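Engineer: whatever this is, show me its structure:
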Amino acid sequence: MIDPGLFVGFAFAALLIELTPGPNMAWLVMLSLAEGRKSGLAATAGIATGLAFIAGLSAIGLAAMIARSDLAYEILRWAGALFMLYLAWEGWREAGETSAAVRSAGNSAHAIRGFVINALNPKAAIFYITVLPQFISPQLPVRPQALLLALLSVAIATLIHTLLVLLASSLRGYIENERQNRRIRRLLSLALVGVAVWLFVAAAH
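Structural biologist: Numbering: from 1, shown residues only. Take a look at the predicted model:
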């Protein structure tokens, strides 16, 4: 159903992106500290649902696009490598970024907010449409591969977000400390550059 090597490669790329400090991560930590674990987990559920929604739609559209055109497949492979470079540059440039202030609300409101923000996130859609083709084998059915990889990325994101909520108190210093945030973000950005170079080499062959 899917090449094991491509599966592991995509898992690594998705993990690097999810580990880079950003709005979701900082929001979940601050929310958990301010309102408790239940609020953090409710927000995590909303984020996961939003990501699953955009990932599913993107994967289905991607499969249809690749099935219609070999040229589209090749263009998306190169676009994916460029997008990884963009994420690396953004991570380096925005080191030290924090989320918006936490607002007091019910758990259902946090879940809805998490869903809406991520379901309407164009960057997430671009990631699924441009990066997934790098890890899809044309010799195997495309749609099952695309959906499985999309599900894998959502699972990785949800696992990390859940751990952040559960470990919020101990990780607060890493999120709030600007110097530490910048160091982590830039190290991960350099790792993303390495992934982008690997994708360029793969696309050229």
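
Engineer: can I assume Met25 is in contact with Leu163?
Structural biologist: No: between Met25 and Leu163 there is no contact under CB atoms under 8 Å: 10.6 Å. Any C-beta I mention is one placed from the backbone N, CA and C, and that applies to glycine too.

Engineer: the more surrounded of the two?
Structural biologist: The residue with more neighbours, out of Met25 and Leu163 and counting by other CB atoms under 10 Å, is Met25; that gives 22 against 13.

Engineer: in this structure, which helix or strand is least confident?
Structural biologist: Taking mean pLDDT, DSSP states H and E as the measure, helix 168-176 is the helix or strand of the chain with the lowest mean score, a mean of 65.

Engineer: find the nearest non-adjacent residue to Thr158, please.
Structural biologist: Across the structure, with CB to CB, 6 or more residues apart in numbering as the measure, the residue nearest Thr158 apart from its sequence neighbours is Ala48 (4.3 Å).

Engineer: which strands and helices lie in contact with the host helix or strand of the one you found?
Structural biologist: Ala48 is located in helix 37-68, with elements delineated by DSSP states H and E. Identification of packing neighbours for helix 37-68 by 3 or more CB pairs under 8 Å, 6 or more residues apart in numbering; DSSP states H and E yields helix 23-35, helix 70-93, helix 107-119, helix 122-131, helix 142-166.

Engineer: would you mark the buried spots in it?
Structural biologist: When burial is assessed from 16 or more other CB atoms under 10 Å, helix 37-68 yields the following buried residues: 39-56, 58-59, 62-63, 65-66.

Engineer: tell me the most buried of the helices and strands packed on helix 37-68?
Structural biologist: Using mean count of other CB atoms under 10 Å, the stretch among these with the greatest mean number of neighbours is helix 23-35 (a mean of 22).

Engineer: what angle sits between it and helix 37-68?
Structural biologist: For the pair helix 23-35 and helix 37-68, the angle between their directions (axes from the mean of the first three to the mean of the last three CA atoms, to 10 degrees) equals 160 degrees.

Engineer: in terms of secondary structure, what does helix 23-35 contact?
Structural biologist: Contacts defined by 3+ CB pairs under 8 Å, 6+ apart place helix 23-35 against helix 37-68, helix 107-119, helix 142-166, helix 168-176.

Engineer: go again using 10 Å as the cut-off
Structural biologist: Helices and strands touching helix 23-35, by 3 or more CB pairs under 10 Å, 6 or more residues apart in numbering; DSSP states H and E, are helix 4-19, helix 37-68, helix 107-119, helix 142-166, helix 168-176.
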